[in-house]
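> just coords:
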Ligand code: GDP
Ligand code: MG
Ligand code: ZN
(Lines give C-alpha, C1' and ligand atoms only; values in the text may rest on other atoms or scores of the structure.)
(Ligands and ions follow the chains in the order given, each with its own letter.)
Protein backbone atom coordinates (compact mmCIF):
# COMPACT_ATOMS: atom_id res chain seq x y z
CA UNK A 1 0.00 0.00 0.00
CA UNK A 2 1.37 3.38 -1.04
CA UNK A 3 1.13 6.41 1.29
CA UNK A 4 -1.81 8.64 0.34
CA UNK A 5 -0.37 11.96 1.40
CA UNK A 6 2.68 13.69 2.81
CA UNK A 7 2.57 15.45 6.13
CA UNK A 8 5.35 17.86 7.06
CA UNK A 9 6.69 18.19 10.59
CA UNK A 10 7.67 21.75 11.30
CA UNK A 11 8.61 23.74 14.36
CA UNK A 12 11.45 25.24 16.33
CA UNK A 13 14.68 23.30 16.74
CA UNK A 14 14.54 20.79 19.63
CA UNK A 15 10.78 21.05 20.07
CA UNK A 16 10.50 17.40 19.09
CA UNK A 17 9.85 17.02 15.34
CA UNK A 18 12.07 13.97 15.01
CA UNK A 19 10.74 12.50 18.28
CA UNK A 20 7.11 12.96 17.18
CA UNK A 21 7.94 11.33 13.84
CA UNK A 22 9.37 8.41 15.83
CA UNK A 23 6.28 8.21 18.07
CA UNK A 24 4.00 8.12 15.02
CA UNK A 25 5.99 5.79 12.79
CA UNK A 26 8.54 3.92 14.91
CA UNK A 27 11.35 5.32 12.74
CA UNK A 28 14.13 7.63 13.89
CA UNK A 29 14.84 9.87 10.90
CA UNK A 30 18.10 11.53 12.00
CA UNK A 31 20.22 8.96 10.21
CA UNK A 32 23.13 10.91 8.81
CA UNK A 33 26.27 10.95 10.91
CA UNK A 34 26.49 14.73 10.75
CA UNK A 35 22.98 14.95 12.06
CA UNK A 36 23.69 12.62 14.94
CA UNK A 37 26.84 14.55 15.79
CA UNK A 38 25.16 17.94 15.68
CA UNK A 39 21.88 16.65 17.09
CA UNK A 40 19.86 18.41 14.42
CA UNK A 41 18.24 17.22 11.21
CA UNK A 42 20.04 18.59 8.17
CA UNK A 43 18.45 16.66 5.34
CA UNK A 44 14.85 15.72 4.97
CA UNK A 45 13.86 12.84 7.16
CA UNK A 46 11.19 10.52 5.91
CA UNK A 47 9.10 7.80 7.50
CA UNK A 48 5.68 6.34 6.94
CA UNK A 49 3.05 4.67 9.03
CA UNK A 50 -0.22 2.83 8.61
CA UNK A 51 -2.96 4.28 10.84
CA UNK A 52 -5.80 2.01 11.92
CA UNK A 53 -9.03 2.15 13.82
CA UNK A 54 -9.89 -0.70 16.20
CA UNK A 55 -13.23 -2.38 15.56
CA UNK A 56 -13.90 -2.83 19.24
CA UNK A 57 -12.93 0.55 20.68
CA UNK A 58 -14.41 4.00 20.21
CA UNK A 59 -13.15 7.59 20.35
CA UNK A 60 -9.47 8.47 20.26
CA UNK A 61 -8.66 5.17 22.03
CA UNK A 62 -9.43 3.29 18.82
CA UNK A 63 -6.59 4.87 16.79
CA UNK A 64 -3.19 3.23 16.56
CA UNK A 65 -0.25 2.67 14.27
CA UNK A 66 0.66 -0.61 15.99
CA UNK A 67 -0.27 -4.14 14.91
CA UNK A 68 -2.65 -4.50 17.82
CA UNK A 69 -4.91 -2.08 19.64
CA UNK A 70 -4.30 -1.36 23.34
CA UNK A 71 -7.36 -3.56 24.04
CA UNK A 72 -5.58 -6.54 22.46
CA UNK A 73 -7.77 -6.66 19.35
CA UNK A 74 -6.03 -6.93 16.00
CA UNK A 75 -8.99 -6.28 13.68
CA UNK A 76 -9.37 -2.85 12.22
CA UNK A 77 -12.19 -1.19 10.33
CA UNK A 78 -10.09 1.54 8.71
CA UNK A 79 -6.53 2.05 7.54
CA UNK A 80 -4.62 4.79 5.81
CA UNK A 81 -0.92 4.96 5.02
CA UNK A 82 0.57 8.35 5.73
CA UNK A 83 4.07 9.65 4.96
CA UNK A 84 5.91 12.11 7.20
CA UNK A 85 8.56 14.55 6.06
CA UNK A 86 10.69 15.67 9.00
CA UNK A 87 12.17 19.09 8.26
CA UNK A 88 15.13 20.65 10.02
CA UNK A 89 14.24 23.42 12.50
CA UNK A 90 17.61 25.13 12.58
CA UNK A 91 17.40 28.74 11.42
CA UNK A 92 20.17 28.38 8.83
CA UNK A 93 18.36 25.52 7.09
CA UNK A 94 15.25 27.41 6.04
CA UNK A 95 15.80 26.70 2.32
CA UNK A 96 15.60 22.97 3.06
CA UNK A 97 12.38 23.49 5.02
CA UNK A 98 10.88 25.52 2.17
CA UNK A 99 11.70 22.90 -0.45
CA UNK A 100 10.43 20.11 1.84
CA UNK A 101 7.22 22.03 2.25
CA UNK A 102 6.63 22.06 -1.50
CA UNK A 103 5.85 18.33 -1.38
CA UNK A 104 3.51 18.27 1.61
CA UNK A 105 -0.29 18.17 1.66
CA UNK A 106 -0.73 19.08 5.33
CA UNK A 107 1.43 19.70 8.37
CA UNK A 108 2.03 19.21 12.06
CA UNK A 109 3.47 22.25 13.82
CA UNK A 110 5.37 21.01 16.86
CA UNK A 111 5.45 23.40 19.82
CA UNK A 112 7.22 22.50 23.07
CA UNK A 113 5.05 23.20 26.12
CA UNK A 114 8.04 24.08 28.30
CA UNK A 115 9.08 27.21 26.36
CA UNK A 116 7.23 30.46 25.75
CA UNK A 117 5.35 30.44 22.44
CA UNK A 118 6.16 31.50 19.75
CA UNK A 119 9.87 30.78 19.36
CA UNK A 120 11.57 32.24 16.23
CA UNK A 121 11.29 29.16 13.98
CA UNK A 122 7.75 28.50 15.20
CA UNK A 123 6.83 31.88 13.72
CA UNK A 124 8.92 31.39 10.60
CA UNK A 125 7.45 27.96 9.83
CA UNK A 126 3.87 29.08 10.41
CA UNK A 127 4.47 31.95 8.00
CA UNK A 128 5.93 29.55 5.46
CA UNK A 129 2.89 27.25 5.65
CA UNK A 130 0.63 30.25 5.06
CA UNK A 131 2.84 31.42 2.19
CA UNK A 132 2.63 28.04 0.48
CA UNK A 133 -1.13 27.90 1.03
CA UNK A 134 -1.11 24.78 3.20
CA UNK A 135 -4.50 24.94 4.83
CA UNK A 136 -4.61 21.78 6.88
CA UNK A 137 -2.63 21.99 10.09
CA UNK A 138 -2.60 20.20 13.44
CA UNK A 139 -0.73 21.83 16.32
CA UNK A 140 1.19 19.36 18.47
CA UNK A 141 1.86 20.67 21.97
CA UNK A 142 4.77 18.40 22.87
CA UNK A 143 6.76 17.69 26.06
CA UNK A 144 3.76 17.99 28.37
CA UNK A 145 5.59 15.59 30.72
CA UNK A 146 7.94 18.49 31.54
CA UNK A 147 5.28 20.95 32.74
CA UNK A 148 2.54 21.20 35.35
CA UNK A 149 -1.06 21.22 34.14
CA UNK A 150 -1.19 24.97 34.93
CA UNK A 151 1.89 25.64 32.77
CA UNK A 152 0.43 23.53 29.96
CA UNK A 153 -2.77 25.57 30.12
CA UNK A 154 -0.81 28.84 30.00
CA UNK A 155 1.20 27.57 27.01
CA UNK A 156 -2.05 26.52 25.30
CA UNK A 157 -3.31 30.10 25.68
CA UNK A 158 -0.10 31.46 24.17
CA UNK A 159 -0.51 29.12 21.20
CA UNK A 160 -4.14 30.24 20.72
CA UNK A 161 -3.05 33.86 20.80
CA UNK A 162 -0.24 33.19 18.34
CA UNK A 163 -2.69 31.66 15.86
CA UNK A 164 -5.56 34.06 16.51
CA UNK A 165 -5.18 36.25 13.43
CA UNK A 166 -4.18 33.51 11.02
CA UNK A 167 -5.86 30.92 8.84
CA UNK A 168 -4.98 28.42 11.59
CA UNK A 169 -7.08 30.00 14.33
CA UNK A 170 -9.32 26.92 14.48
CA UNK A 171 -6.60 24.28 14.04
CA UNK A 172 -6.73 21.67 16.80
CA UNK A 173 -4.05 21.72 19.50
CA UNK A 174 -3.18 18.24 20.73
CA UNK A 175 -1.12 17.92 23.94
CA UNK A 176 1.26 14.96 23.85
CA UNK A 177 4.54 13.61 25.12
CA UNK A 178 6.52 12.04 22.30
CA UNK A 179 9.08 10.58 24.70
CA UNK A 180 6.45 8.90 26.91
CA UNK A 181 4.16 7.88 24.05
CA UNK A 182 1.37 9.83 25.75
CA UNK A 183 -1.78 10.84 23.83
CA UNK A 184 -0.39 9.64 20.49
CA UNK A 185 -3.77 8.00 19.79
CA UNK A 186 -5.45 11.43 20.04
CA UNK A 187 -2.84 12.84 17.67
CA UNK A 188 -3.54 10.08 15.15
CA UNK A 189 -7.27 10.78 15.49
CA UNK A 190 -6.63 14.49 14.78
CA UNK A 191 -4.47 13.65 11.75
CA UNK A 192 -7.26 11.43 10.41
CA UNK A 193 -9.86 14.14 10.96
CA UNK A 194 -8.01 17.32 10.00
CA UNK A 195 -5.42 16.18 7.43
CA UNK A 196 -7.50 14.47 4.74
CA UNK A 197 -6.04 12.96 1.60
CA UNK A 198 -6.33 15.60 -1.13
CA UNK A 199 -8.38 14.87 -4.23
CA UNK A 200 -5.98 14.11 -7.09
CA UNK A 201 -6.85 15.15 -10.60
CA UNK A 202 -7.04 12.18 -12.94
CA UNK A 203 -5.42 11.98 -16.34
CA UNK A 204 -2.68 14.58 -15.88
CA UNK A 205 0.85 14.14 -17.17
CA UNK A 206 3.13 12.95 -14.39
CA UNK A 207 5.20 15.57 -12.60
CA UNK A 208 7.61 14.58 -9.85
CA UNK A 209 9.73 16.95 -7.75
CA UNK A 210 13.16 15.60 -6.88
CA UNK A 211 13.89 16.13 -3.17
CA UNK A 212 16.84 13.73 -2.80
CA UNK A 213 19.18 11.93 -5.17
CA UNK A 214 21.68 9.20 -4.46
CA UNK A 215 24.41 6.90 -5.64
CA UNK A 216 23.52 3.71 -3.77
CA UNK A 217 26.67 1.80 -4.80
CA UNK A 218 29.22 1.11 -2.06
CA UNK A 219 32.65 2.60 -2.76
CA UNK A 220 34.81 0.15 -4.71
CA UNK A 221 31.92 -1.75 -6.36
CA UNK A 222 33.05 -3.45 -9.61
CA UNK A 223 31.80 -1.73 -12.74
CA UNK A 224 29.60 -4.67 -13.84
CA UNK A 225 27.84 -4.59 -10.48
CA UNK A 226 27.13 -0.87 -10.38
CA UNK A 227 23.48 0.08 -10.32
CA UNK A 228 22.01 3.27 -11.79
CA UNK A 229 21.22 6.47 -9.94
CA UNK A 230 18.29 6.69 -7.54
CA UNK A 231 15.96 9.69 -7.38
CA UNK A 232 13.76 10.43 -4.38
CA UNK A 233 10.83 12.79 -4.41
CA UNK A 234 7.13 13.20 -4.69
CA UNK A 235 4.69 12.93 -7.52
CA UNK A 236 2.71 16.13 -7.62
CA UNK A 237 0.30 14.77 -10.23
CA UNK A 238 -0.20 11.84 -12.60
CA UNK A 239 1.27 8.33 -12.45
CA UNK A 240 4.60 6.69 -13.22
CA UNK A 241 5.30 3.03 -13.87
CA UNK A 242 8.25 0.70 -14.19
CA UNK A 243 9.49 0.75 -17.79
CA UNK A 244 8.48 4.37 -18.44
CA UNK A 245 10.96 6.48 -20.37
CA UNK A 246 11.46 9.68 -18.39
CA UNK A 247 12.87 13.12 -18.93
CA UNK A 248 14.54 15.18 -16.23
CA UNK A 249 14.57 18.96 -16.49
CA UNK A 250 16.24 21.46 -16.38
CA UNK A 251 18.92 18.72 -16.35
CA UNK A 252 22.66 19.11 -15.97
CA UNK A 253 25.25 21.50 -17.34
CA UNK A 254 28.46 20.32 -18.99
CA UNK A 255 30.33 23.27 -17.49
CA UNK A 256 29.70 26.19 -15.14
CA UNK A 257 28.74 28.50 -17.99
CA UNK A 258 26.70 26.27 -20.28
CA UNK A 259 22.94 25.99 -19.81
CA UNK A 260 21.59 22.71 -18.44
CA UNK A 261 20.52 20.03 -20.90
CA UNK A 262 17.55 17.74 -20.21
CA UNK A 263 18.42 14.14 -19.38
CA UNK A 264 16.45 11.07 -20.39
CA UNK A 265 16.43 7.67 -18.72
CA UNK A 266 14.18 4.77 -17.91
CA UNK A 267 12.46 3.70 -14.70
CA UNK A 268 13.66 0.26 -13.65
CA UNK A 269 12.20 0.23 -10.18
CA UNK A 270 9.79 2.14 -7.93
CA UNK A 271 9.98 2.03 -4.17
CA UNK A 272 8.53 3.60 -1.09
CA UNK A 273 10.31 2.68 2.11
CA UNK A 274 10.95 -1.06 1.84
CA UNK A 275 8.11 -1.76 -0.58
CA UNK A 276 8.37 -1.97 -4.36
CA UNK A 277 5.66 -1.03 -6.83
CA UNK A 278 4.93 -1.45 -10.54
CA UNK A 279 3.27 1.95 -10.66
CA UNK A 280 2.88 4.87 -8.33
CA UNK A 281 0.50 7.77 -7.86
CA UNK A 282 0.86 10.95 -5.74
CA UNK A 283 1.57 10.51 -2.01
CA UNK A 284 4.67 9.43 -0.16
CA UNK A 285 8.31 9.91 -0.96
CA UNK A 286 9.04 7.73 -3.97
CA UNK A 287 12.43 6.21 -4.73
CA UNK A 288 12.92 5.80 -8.44
CA UNK A 289 15.67 3.49 -9.71
CA UNK A 290 16.98 4.53 -13.11
CA UNK A 291 19.69 3.73 -15.62
CA UNK A 292 21.35 7.09 -14.94
CA UNK A 293 25.08 7.34 -14.34
CA UNK A 294 25.21 7.38 -10.51
CA UNK A 295 27.86 10.10 -10.58
CA UNK A 296 25.09 12.47 -11.70
CA UNK A 297 22.70 11.52 -8.93
CA UNK A 298 25.17 11.24 -6.06
CA UNK A 299 25.05 13.61 -3.10
CA UNK A 300 21.68 15.17 -3.97
CA UNK A 301 23.08 16.31 -7.34
CA UNK A 302 19.66 16.36 -9.03
CA UNK A 303 17.63 17.99 -6.26
CA UNK A 304 15.43 20.72 -7.68
CA UNK A 305 14.92 18.99 -11.02
CA UNK A 306 11.58 17.64 -12.12
CA UNK A 307 10.71 14.32 -13.73
CA UNK A 308 8.06 13.63 -16.34
CA UNK A 309 7.46 11.87 -19.62
CA UNK A 310 9.65 13.00 -22.53
CA UNK A 311 8.28 16.17 -24.13
CA UNK A 312 5.53 16.50 -21.51
CA UNK A 313 7.32 18.63 -18.94
CA UNK A 314 6.71 22.28 -18.09
CA UNK A 315 8.90 24.88 -19.81
CA UNK A 316 12.41 25.59 -18.58
CA UNK A 317 12.85 29.26 -17.70
CA UNK A 318 16.01 31.23 -17.10
CA UNK A 319 13.99 34.36 -16.49
CA UNK A 320 10.50 34.59 -15.15
CA UNK A 321 7.57 36.88 -14.57
CA UNK A 322 5.54 36.50 -11.46
CA UNK A 323 2.94 38.08 -9.28
CA UNK A 324 4.03 38.63 -5.73
CA UNK A 325 3.06 40.09 -2.40
CA UNK A 326 5.23 40.92 0.59
CA UNK A 327 4.67 39.38 4.00
CA UNK A 328 3.98 41.52 7.05
CA UNK A 329 7.18 41.10 9.00
CA UNK A 330 7.40 42.76 12.38
CA UNK A 331 10.92 41.52 13.10
CA UNK A 332 12.57 43.35 10.19
CA UNK A 333 11.78 46.10 7.75
CA UNK A 334 10.14 44.43 4.76
CA UNK A 335 9.54 47.37 2.47
CA UNK A 336 9.47 47.44 -1.33
CA UNK A 337 11.83 45.17 -3.24
CA UNK A 338 13.99 47.26 -5.53
CA UNK A 339 15.37 46.83 -9.01
CA UNK A 340 18.63 44.85 -9.10
CA UNK A 341 17.97 43.39 -5.65
CA UNK A 342 19.14 39.80 -5.34
CA UNK A 343 16.49 37.40 -4.04
CA UNK A 344 16.28 33.71 -3.29
CA UNK A 345 13.41 32.04 -5.10
CA UNK A 346 12.08 28.67 -3.97
CA UNK A 347 9.78 26.98 -6.44
CA UNK A 348 9.00 23.31 -6.01
CA UNK A 349 12.21 21.77 -4.69
CA UNK A 350 14.34 24.28 -6.61
CA UNK A 351 16.26 27.00 -4.81
CA UNK A 352 17.90 29.67 -6.90
CA UNK A 353 19.20 33.20 -6.70
CA UNK A 354 17.64 35.76 -8.99
CA UNK A 355 18.22 39.38 -9.85
CA UNK A 356 15.21 41.67 -10.06
CA UNK A 357 15.12 43.07 -13.55
CA UNK A 358 11.86 45.02 -13.52
CA UNK A 359 9.50 45.52 -10.66
CA UNK A 360 6.03 46.95 -10.21
CA UNK A 361 3.64 46.97 -7.30
CA UNK A 362 2.56 43.36 -7.59
CA UNK A 363 4.61 41.93 -10.46
CA UNK A 364 8.26 41.41 -11.16
CA UNK A 365 10.54 40.13 -13.87
CA UNK A 366 13.56 38.30 -12.60
CA UNK A 367 16.70 36.78 -14.12
CA UNK A 368 17.48 33.45 -12.51
CA UNK A 369 20.94 32.11 -11.68
CA UNK A 370 19.68 28.55 -12.19
CA UNK A 371 16.83 27.83 -14.55
CA UNK A 372 13.58 26.42 -13.23
CA UNK A 373 11.11 23.99 -14.76
CA UNK A 374 7.62 24.94 -13.69
CA UNK A 375 4.13 25.58 -14.99
CA UNK A 376 2.40 28.96 -14.88
CA UNK A 377 0.46 29.25 -11.64
CA UNK A 378 3.06 27.44 -9.51
CA UNK A 379 3.48 28.98 -6.05
CA UNK A 380 6.86 30.32 -5.05
CA UNK A 381 8.48 31.66 -1.89
CA UNK A 382 10.71 34.74 -1.94
CA UNK A 383 13.51 35.44 0.53
CA UNK A 384 15.68 38.54 0.79
CA UNK A 385 18.88 39.27 2.60
CA UNK A 386 18.39 40.89 5.99
CA UNK A 387 21.69 41.43 7.79
CA UNK A 388 23.65 38.24 7.18
CA UNK A 389 20.68 35.97 6.56
CA UNK A 390 18.11 35.12 3.94
CA UNK A 391 14.67 35.74 5.38
CA UNK A 392 11.31 34.70 4.00
CA UNK A 393 9.75 37.94 2.79
CA UNK A 394 7.10 37.22 0.23
CA UNK A 395 5.09 34.83 -1.83
CA UNK A 396 4.36 34.70 -5.50
CA UNK A 397 2.86 32.86 -8.41
CA UNK A 398 4.53 32.16 -11.73
CA UNK A 399 2.78 33.94 -14.61
P1 LIG B 1 13.70 18.38 16.73
O2 LIG B 1 14.92 19.24 16.66
O3 LIG B 1 12.46 19.22 16.70
O4 LIG B 1 13.67 17.27 15.71
O5 LIG B 1 13.68 17.72 18.20
P6 LIG B 1 14.06 16.23 18.64
O7 LIG B 1 12.97 15.28 18.32
O8 LIG B 1 15.43 15.92 18.17
O9 LIG B 1 14.02 16.42 20.23
C10 LIG B 1 14.88 17.34 20.90
C11 LIG B 1 15.08 16.90 22.33
O12 LIG B 1 13.85 16.96 23.04
C13 LIG B 1 15.58 15.46 22.45
O14 LIG B 1 16.51 15.40 23.50
C15 LIG B 1 14.32 14.69 22.82
O16 LIG B 1 14.59 13.52 23.57
C17 LIG B 1 13.55 15.70 23.63
N18 LIG B 1 12.11 15.44 23.56
C19 LIG B 1 11.35 15.30 22.46
N20 LIG B 1 10.05 15.07 22.78
C21 LIG B 1 10.00 15.05 24.14
C22 LIG B 1 8.95 14.84 25.10
O23 LIG B 1 7.77 14.62 24.77
N24 LIG B 1 9.30 14.93 26.40
C25 LIG B 1 10.56 15.18 26.82
N26 LIG B 1 10.80 15.23 28.11
N27 LIG B 1 11.59 15.37 25.96
C28 LIG B 1 11.30 15.30 24.63
MG1 MG C 1 14.97 16.83 14.15
ZN1 ZN D 1 -9.30 -1.65 20.68
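Perfect, I can see it now. For clarity, every value in this text was computed on a predicted model and none was experimentally measured. Ligands and ions are numbered 1, 2, ... in the order given.
> just for the stretch 251-399 of the chain, where's the confidence low?
Across the stretch 251-399 of the chain, nothing is flagged by pLDDT under 70.
> Tell me the residue of it that sits nearest ligand 2?
As assessed by C-beta to the ion, ligand 2 sits closest to residue 285 within the stretch 251-399 of the chain, at 16.4 Å. (Each C-beta comes from the backbone N, C-alpha and C, glycine too.)
> since we're on residue 329, how many residues are nearby?
16 (other C-beta atoms under 10 Å).
> Please apply the same query to the one 4 residues further on.
As a burial measure, residue 333 scores 7 neighbours (other C-beta under 10 Å).
> tell me which element it falls in.
Using DSSP states H and E, residue 333 sits within no helix or strand.
> wait, does stretch 172-184 contact ligand 2?
No - figure legend: stretch 172-184 not in contact with ligand 2 (C-beta under 5 Å from the ion); closest approach 11.2 Å.
> Next, the distance between the ends of that stretch.
14 Å (C-alpha to C-alpha, to the nearest Å).
> hang on, the earlier thing: am I right that the residue of the stretch 251-399 of the chain closest to ligand 2 is in contact with residue 232?
Yes - using C-beta atoms under 8 Å, residue 285 makes contact with residue 232 at a distance of 5.8 Å.
> Helix, strand, or coil at residue 27?
Using DSSP: H, G, I helix; E, B strand; the rest coil, the structure places residue 27 in coil.
> List the contacts of it.
Contacts here follow C-beta atoms under 8 Å, 6 or more residues apart in numbering; on that basis residue 27 touches 21, 47.
> And for residue 333?
Residue 333 neighbours (C-beta under 8 Å, 6+ apart): none.
> do residue 398 as well
320-322, 347, 374-378, 380.
> could I get these as CSV with secondary structure, distance to residue 178 and neighbour count?
Listed next are the contacts of residue 398 as CSV, based on DSSP: H, G, I helix; E, B strand; the rest coil; distance: C-beta to C-beta, whole Å; neighbours: other C-beta atoms under 10 Å:
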residue, secondary structure, distance to residue 178, neighbour count
320, strand, 41, 24
321, strand, 44, 15
322, strand, 39, 21
347, strand, 33, 27
374, coil, 36, 23
375, coil, 38, 14
376, coil, 41, 12
377, coil, 38, 9
378, coil, 34, 18
380, strand, 33, 24
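> count of neighbours near the closest residue to residue 22 other than its chain neighbours?
Leaving aside its chain neighbours, residue 22 sits nearest to residue 28 (5.1 Å; criterion: C-beta to C-beta, 6 or more residues apart in numbering). Using other C-beta under 10 Å, the number of residues around residue 28 comes to 14.
> returning to what we had before: any common contacting residues for residue 285 and residue 232?
With contacts taken as C-beta under 8 Å, 6+ apart, residue 285 and residue 232 have 46, 211-212 as neighbours in common.
> Looking at these, which are in strands?
46, 211-212 (DSSP state E).
> who wins for most neighbours among these?
Neighbour max across these (other C-beta under 10 Å) = residue 211, 27 neighbours.
> Count the neighbours of the spatially closest residue to residue 187 that is not a sequence neighbour for me.
Spatial nearest neighbour of residue 187, excluding adjacent residues (C-beta to C-beta, 6+ apart): residue 174 at 5.0 Å. Neighbour count for residue 174, taken as other C-beta under 10 Å: 22.
> which ones are touching residue 174?
Residues in contact with residue 174 (C-beta under 8 Å, 6+ apart) are 138-141, 183, 186-187, 190.
> Around ligand 3, pick out the residues from the protein.
54, 56-57, 69, 71, 73.
> And those residues, which is closest to residue 313?
Nearest to residue 313 among those, counting by C-beta to C-beta, is residue 54 at 44.9 Å.
> Below-threshold pLDDT in the stretch 1-150 of the chain: ranges please.
Scanning the stretch 1-150 of the chain for pLDDT under 70 picks out the ranges 30-43, 89, 92.
> and if we set it to 90?
The model of the stretch 1-150 of the chain has pLDDT under 90 over residues 1, 27-46, 78, 86-97, 99-100.
> Now do the helices in it.
Under the criterion DSSP state H, counting those that start in this stretch, the stretch 1-150 of the chain contains helices at 17-25, 33-38, 94-101, 120-131, 149-163.
> Return the most buried member of those helices.
helix 17-25 (a mean of 24; mean count of other C-beta atoms under 10 Å).
> and the angle from that one to helix 120-131?
Per axes from the mean of the first three to the mean of the last three C-alpha atoms, to 10 degrees, the angle that helix 17-25 makes with helix 120-131 is 60 degrees.
> contacting residues around helix 17-25?
Residues from elsewhere that reach helix 17-25 (C-beta under 8 Å, 6+ apart): 9-11, 27-30, 41, 45, 47-49, 65, 84, 86-87, 89, 108, 110, 140, 142, 176, 178-179, 181, 184, 187-188.
> repeat that with 7 Å
Here helix 17-25 makes contact (C-beta atoms under 7 Å, 6 or more residues apart in numbering) with 9, 11, 27-30, 41, 45, 47-49, 65, 84, 86-87, 89, 108, 110, 140, 142, 178-179, 181, 184.
> now swap in stretch 188-198 and tell me
4-5, 7, 51, 60, 63-65, 80, 82, 105-106, 136, 138, 172, 174.
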